[in-house]
Every structure is written in C-alpha cells, then in structure tokens.
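S.K.: Sequence isn't available, so here's the structure alone:
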C-alpha cells in the first residue's frame with residue numbers, strides 16, 4: 001500500500017490545534033478520534049508514505065513512523 005499524506009502527521013496536527021486554541025482561549029475537542037485512528041492505521045500498514053516537505057517528514061519521524069517508509 002502506498003499513501004500520500006497531508007501537511008503533517010495527524011497527531012502533530014492535533015497537538016498544534018490544541019495549543020493554538022488554548023492560546024486564543026477557544027474550546028477545542030480535538031480531531032475526531034475515528035479520523036485519528038484511521039490515519040494511524042494507514043501509517044502502520046503503508047509500505048511507503050509520500051510527504052510534501054521536510055517539515056512533514058520530521059512530523060512523521062517524531063511520531064515514530066520509520067523514515068524508511
């Protein structure tokens with residue numbers, strides 16, 4: 001399976017959104033858990049993942065997705 005992913009790892013996106021909403025004093029319930037689980041399963045089963053930038057690559061590696069993918 002080959003996956004083309006968005007701008008960063010889904011857990012990284014969720015973390016940034018939590019921080020920014022808190023910074024602005026807004027309520028945030030997080031990215032839907034179903035979406036988080038689905039994307040994490042995709043990362044696990046993918047043989048290869050294409051990302052759009054070094055920034056995106058770092059977000060995946062920091063979340064323990066093997067750089068070799």
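M.R.: That came in fine, so what should we check first? No experiment lies behind these values; they were computed from the predicted model shown.

S.K.: Which strands or helices does the helix or strand where residue 12 lies pack on?
M.R.: Assigned by DSSP states H and E, residue 12 falls within helix 10-23. With contacts taken as 3 or more C-beta pairs under 8 Å, 6 or more residues apart in numbering; DSSP states H and E, helix 10-23 sits against helix 33-45. In this view, the C-beta of every residue, glycine as well, is placed from N, C-alpha and C.

S.K.: who's in contact with the helix it packs on?
M.R.: Contacting residues not belonging to helix 33-45 are listed as 1, 3, 5, 9-11, 14, 30, 49, 60, 65, 69 [C-beta atoms under 8 Å, 6 or more residues apart in numbering].

S.K.: Go through stretch 10-28 and flag the buried ones.
M.R.: For stretch 10-28, the buried set under the neighbour-count rule, 16 or more other C-beta atoms under 10 Å, comprises 10-15.

S.K.: hmm, back to that, filter the contacts of helix 33-45 to the buried ones?
M.R.: Among these, those classed as buried by 16+ other C-beta under 10 Å are 5, 9-11, 14, 49, 60, 65, 69.

S.K.: Switch those residues over to a markdown table; also include distance to residue 23 and pLDDT.
M.R.: Shown next, in a markdown table, are these (distance: C-beta to C-beta, whole Å; pLDDT from 0 to 100):
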| residue | distance to residue 23 | pLDDT |
| --- | --- | --- |
| 5 | 26 | 75 |
| 9 | 21 | 96 |
| 10 | 20 | 96 |
| 11 | 19 | 96 |
| 14 | 15 | 97 |
| 49 | 30 | 93 |
| 60 | 24 | 96 |
| 65 | 27 | 95 |
| 69 | 32 | 89 |
